Structure formats: structure tokens, C-alpha cells
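> 3D model of this:
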Amino acid sequence: MDPHLLRTYVTVARLASFSEAARELGYTQSAVSQHIAALEQDLGAPLLTRRPVTPTAAGERLLEHAGPLLLRLDAARADVVRMAAAPEQGLTLAATPTALHPRVLAALPGVGVTLRVLARDAIPAAVATGAADLGLADGLAAPSDPLRLPDVAPLTTHGVGEDSVAVLLPVGHPLAGRPGLRLGDLADARWLDAPEAGLPLAQLRTAAGGGAFRPALRYEGTDVRTLTALAAAGHGLALLPHPTATGVPGTVAVPLTEPRVVHRTELLYAGTPGGAAGALVERLLGGA
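Predicted coordinates for the structure are as follows:
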């Protein structure tokens, strides 16, 4: 299967338009049509209906495979280019907002750093494709257990920090005076659904072995301060690393006592980082 044809197909399916795909890819509309026809002939199945432009059942199945396949190709190219290139003086770090605890920030070089705050699932892909030199991903895990990250390419991962977690409650909440809280007792509470600024509700359900954990409000940004302000205003509870939750005005951070989970941060990289990236790896792993 020709990857160029596959990329054309994915673009047409995403935009639902042959002409829009042609503009995005820099092809003529006739060339895009020829690419789709050639791919359909190769696979022996129609992939798109034409009016409207939507994937067929076979086309939907191909889309499920196309993303990981194309990502692997991009990762392979980036890996080879990375090996042949001289180390860069600058550093691009992709991280989730809650992975940026003070020890990480203190270890960053004084100049030449580009920090990209991304969604959790986007961190491995950014590192694999060379969009970032290093990545910092985080999430809930049992103590000393690795995170379950998307398998996008051969990446090296190291745990660089584990913090306790806390439930962030507004001052005056009936549970604010408790010395500790069990997650199972909070399944029916009003929660903030902030998958990129806090710890996702899906991870809470997994840690608790089920439960509703229904969102009262969904926040789709990455600013932790906005999330904590929403909690302080009484819009819902949030689960955060204890250092992040502590000292937020208008809130109380109550430690989570059950289940026994931690907020784990992992460093991701491909190959053997050099230059500023290599130096940061040494600093973070030296203190891990």
C-alpha cells in the first residue's frame, strides 16, 4: 500500500471534500481523484461515497489502521534524521500542564527552550515524530508502576517523579474538613471534567474500579489555574497532584487515601538525546 495514496485518502476523509484535500495537499483535484481510485483498485474495495464524500464501511476500517501506520512512518523518518543530524543547541519540550512540577522547571536550561503544552495522548507522538526533543507525560498509577502510554514508536521512558494526589474542594464543602477521602465515596459527587488540565475522569473510574464520576462542567483548556478557579467557585471537584492542589485560594486540598495511587510523571525520548536535550535528561534522571 502506497503511503502517499493513504495520506491523500485520510485527508479527503477528514475534510469530506476532494477539492479541499487538493488545496491542503498542494495537488490538483484530478490528482487527488486518481490517488483515491488507485488506492481503491489496490485494495479491491470502494473507500468513499462521492456525494456526499463519506467513508464506506471498508473506508472506516482503513481509517482505523491509517493513523497508526502513518504515525509509524513519520516516526521512522524522524528517527533516521535525528541520528544523522548534529545535536541542536535549543530544546523543545512537550509536556502536560500537571507534569511541570517545580523540579522539572528548575532543571530547564536558562535559554533556548520551547515548551509545548499538549494533550496526554499527543506527547508520545510529538516525541516520536521529532516535533519535540523530549516529552513529559503524567497520570494516575499504582506506586512504582509505569504509565500506560500509546504505543506509537520505540521510545525510552523513565519515571522522574511520583506525588501524592488530593481532591480539590471549595472552602465550605461538607467534606473539606476530612483528613482524607476515599475515591469510591466520591463517585456520585459533582466533578469537573478537565481531561488536559487535571487528571481525567476516565482515570478516576479506572482507579476506583468503576463508578459514575459524572461531570458537572467540562473544561477543554490546559490552564490549571482556570481549573482550580472553577473548583473554588463550586462548579465541581477535581483530582490533582498534591503540590498543585495545595495553597489554591478558596479551596481545600484533601489527600486521597484510597485507592493507593500516585501522580506519576515520565520522561520520554527517542534514540540518544544530545545537546540541551541530553543535558536535561541527565539532570532529571540524576534526581529521579
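> which ones are touching Pro124?
135, 137, 149-150, 152-153, 155, 268 (Cβ atoms under 8 Å, 6 or more residues apart in numbering). For the C-beta atoms, the positions are set from N, CA and C on the backbone; glycine is no exception.
> And the host helix or strand of it, what's buried?
Following DSSP states H and E, one finds Pro124 within helix 122-128. Using 16 or more other Cβ atoms under 10 Å as the test for burial, helix 122-128 gives 122-128.
> what's the answer for stretch 65-82, then?
Of the residues in stretch 65-82, 66, 71-72, 74-75, 78-79, 82 count as buried by neighbour count, 16+ other Cβ under 10 Å.
> Stretch 185-193 now?
Buried residues in stretch 185-193, counting neighbours by 16+ other Cβ under 10 Å, are found at 186-187, 189, 191-193.
> what's the answer for stretch 22-29, then?
Counting neighbours by 16+ other Cβ under 10 Å, one finds that the buried residues in stretch 22-29 are 22, 25, 27.
> Closest one of those residues to Leu175?
Lowest distance from Leu175 to these (Cβ to Cβ) belongs to Leu25, with 54.2 Å.
> which residues sit in contact with the residue nearest to Leu73 when sequence neighbours are not counted?
Sequence neighbours aside, Pro3 is the residue nearest to Leu73 in space, at 5.7 Å (criterion: Cβ to Cβ, 6 or more residues apart in numbering). Contacts for Pro3 (Cβ under 8 Å, 6+ apart) come out as 69-70, 73.
> From those, which land in helices?
Among those, the residues falling in helices (DSSP state H) are 69-70, 73.
> gap between the one helix or strand in the chain whose mean pLDDT sits lowest and the chain center?
When each helix and strand of the chain is scored by mean pLDDT, DSSP states H and E, helix 57-84 comes last, with a mean of 80. Averaging C-alpha positions (Cα atoms, centre = their mean, to the nearest Å) puts helix 57-84 18 Å from its chain's average.
> I would like the residues contacting the helix or strand that comes right after it, please.
For helix 57-84, the succeeding helix or strand toward the C-terminus, using DSSP H and E, is strand 91-95. By Cβ under 8 Å, 6+ apart, the surrounding residues in contact with strand 91-95 are 104, 108-109, 112-118, 122-123, 126-127, 131-137, 275-277, 280.
> Could you list the low-pLDDT ranges of this protein?
Applying pLDDT under 70 to the chain flags residues 81-89, 287-288.
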